[in-house]
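Participant: generate coordinates for the sequence data below:
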Amino acid sequence: MNIIVFGAGTFGTAIAKALSMNKENNVQLFSKNESKVNEINTLNTNKSCFPNKHLPSSICATSNENEFSNADIVFIAYPSTLIIKKIESVYHKFKDNVLIVNLSKGLLNGGVTVVDAIKQNFEFDNIVTLKGPSFAVELMDHASTLLTLGYKTQKQFDIVNKVIRKTVLHIDFTNDIRGVEILSSLKNIYAIFLGIVDAKYNSSNTRFMMLTKAFSEVRLILKELGGCESTLFLSCGFGDLCLTSLNDLSRNRTLGLLIGKEFYNEDYKSNSVILEGLSSINLIYNLVNDNIIGQLPILVKLYNYFSGKTQDVDVFFNDFSNIQIVKKK
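Facilitator: Numbering: from 1, shown residues only. The predicted structure is shown next:
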């Protein structure tokens with residue numbers, strides 16, 4: 001199977017290494033950065049992403065757009081805000097029956113999913129999404145990893161299942177592509193909050209009280225935005241929420257820790273991770289219906305803090321024991 005991983009950043013590199021474990025896969029990393037391409041091809045390293053890691057010699061890198069015409073599968077590994085622009089420059093080279101696998105997490109303006117945006121902009125229909133709790137550095141070390149495949153046809157499922165065979169990648173699956181995409185944005189919001197909680201309260205009781213409430217809010221929002229509740233119990237839901245919220249490798253959790261320890265200030269807002277978190281909070285807050293906003297105290301607290309309405313994200317436990325239905329101000 002000819003595979004191109006479109007984007008030779010941290011996650012793209014890690015996925016390429018994992019896929020290369022299946023000797024039936026011919027894996028290429030695509031990058032416009034010629035020095036990176038040369039480094040991967042000559043030294044089998046990508047030091048800008050992994051200074052101390054090596055790649056298998058079977059992985060080749062390319063900047064040649066013509067290589068897309070030979071690809072059976074294209075894994076897209078760019079940040080969600082860049083994907084449409086990146087695809088625009090190469091999609092005319094894609095085979096008619098190529099399978100697109102979206103690895104990017106997050107929603108676009110107006111709550112549009114990356115999958116829907118690709119379909120609308122390029123009239124592709126053969127597209128799936130693949131997401132779950134997956135730190136790139138651990139994939140580089142061949143850690144077994146469970147991802148959720150959101151797909152529509154049996155053929156799509158069979159192809160993905162075939163290429164991950166004999167690798168450290170495993171899948172659970174659903175036809176709820178929208179739900180998988182929504183959850184990839186929600187987990188970042190609640191990871192920030194759990195970071196704040198852990199910074200303020202060194203208590204396992206409190207941590208898991210808040211994780212339970214975060215899980216409850218995610219369920220409500222997922223249903224509100226058109227996802228299936230059952231998707232929450234897959235790797236992209238429960239698994240990714242827990243990983244992102246509770247592990248210090250998570251950048252959004254780290255942001256929460258900074259806020260909780262009062263190290264955060266306005267100067268940090270130029271940071272890409274913080275901008276991503278702020279964007280997710282504002283987007284979701286404005287998408288949910290007024291009728292359920294009173295059942296989302298964690299989301300409201302974060303929105304009020306980042307919009308400057310409050311100076312702190314304090315945890316008032318009665319917010320959860322006596323929830324009132326209120327309108328957005």
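Participant: may I have stretch 164-184 exported as PDB, CA atoms only?
Facilitator: The C-alpha atoms that make up stretch 164-184 are tabulated as PDB, following Å, rounded to 0.1, in the frame of the first residue of the first chain:
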ATOM      1  CA  ILE A 164      -2.200  -0.700  10.700                       C
ATOM      2  CA  ARG A 165      -1.800  -4.500  10.800                       C
ATOM      3  CA  LYS A 166       1.500  -5.600  12.500                       C
ATOM      4  CA  THR A 167       2.000  -2.100  13.900                       C
ATOM      5  CA  VAL A 168       1.500  -0.600  17.400                       C
ATOM      6  CA  LEU A 169      -1.600   1.200  16.100                       C
ATOM      7  CA  HIS A 170      -5.000  -0.300  17.100                       C
ATOM      8  CA  ILE A 171      -8.500   1.000  16.400                       C
ATOM      9  CA  ASP A 172     -12.000   1.100  17.800                       C
ATOM     10  CA  PHE A 173     -14.500   2.500  15.300                       C
ATOM     11  CA  THR A 174     -17.800   4.300  14.700                       C
ATOM     12  CA  ASN A 175     -19.800   5.800  11.800                       C
ATOM     13  CA  ASP A 176     -20.100   9.000  13.800                       C
ATOM     14  CA  ILE A 177     -17.400  11.000  12.100                       C
ATOM     15  CA  ARG A 178     -18.800  14.300  13.300                       C
ATOM     16  CA  GLY A 179     -18.700  13.100  16.900                       C
ATOM     17  CA  VAL A 180     -15.100  12.000  16.600                       C
ATOM     18  CA  GLU A 181     -14.200  15.400  15.200                       C
ATOM     19  CA  ILE A 182     -16.100  17.400  17.900                       C
ATOM     20  CA  LEU A 183     -14.500  15.400  20.700                       C
ATOM     21  CA  SER A 184     -11.000  16.300  19.400                       C
END
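Participant: which residues touch residue 16?
Facilitator: Residue 16 makes contacts with 5, 8, 27-29, 55, 59, 75, as judged by Cβ atoms under 8 Å, 6 or more residues apart in numbering. Where you see a C-beta, it was placed from the backbone N, CA and C, and this is true even at glycine.
Participant: farthest pair in those?
Facilitator: Spatially, the most separated pair among the contacts of residue 16 is 55 and 75, at 15.4 Å (Cβ to Cβ).
Participant: longest helix of the chain?
Facilitator: In the chain, ranked by residue count with DSSP state H as the criterion, the top helix is helix 177-200.
Participant: mean confidence score for the following helix or strand past it?
Facilitator: Tracing the chain C-terminally past helix 177-200 and defining elements by DSSP states H and E, one meets helix 204-224 next. Model confidence over helix 204-224 averages 95 on the pLDDT scale.
Participant: in this structure, which spans are strands?
Facilitator: Assignment of strands within the chain using DSSP state E yields the ranges 2-6, 26-30, 60-62, 73-76, 99-102, 127-131, 145-150, 169-174.
Participant: nearest to residue 187, of the ones you listed?
Facilitator: In this view, the strands of the chain are compared for proximity to residue 187 by Cβ to Cβ, and strand 127-131 is the closest at 9.4 Å.
Participant: so who does residue 298 touch?
Facilitator: Residues in contact with residue 298 (Cβ under 8 Å, 6+ apart) are 190, 193, 210, 213-214, 217.
Participant: of those residues, just say which sits nearest to residue 280.
Facilitator: Closest approach between the contacts of residue 298 and residue 280, by Cβ to Cβ: residue 190, at 10.0 Å.
Participant: give the closest residue to that closest one in space, chain neighbours not counted.
Facilitator: Here the nearest residue to residue 190 in space, its sequence neighbours aside, is residue 214; by Cβ to Cβ, 6 or more residues apart in numbering that works out to 4.0 Å.
Participant: residue 159: which of the strands of the chain is closest?
Facilitator: Across the strands of the chain, residue 159 has its closest neighbour in strand 99-102 (5.6 Å, Cβ to Cβ).
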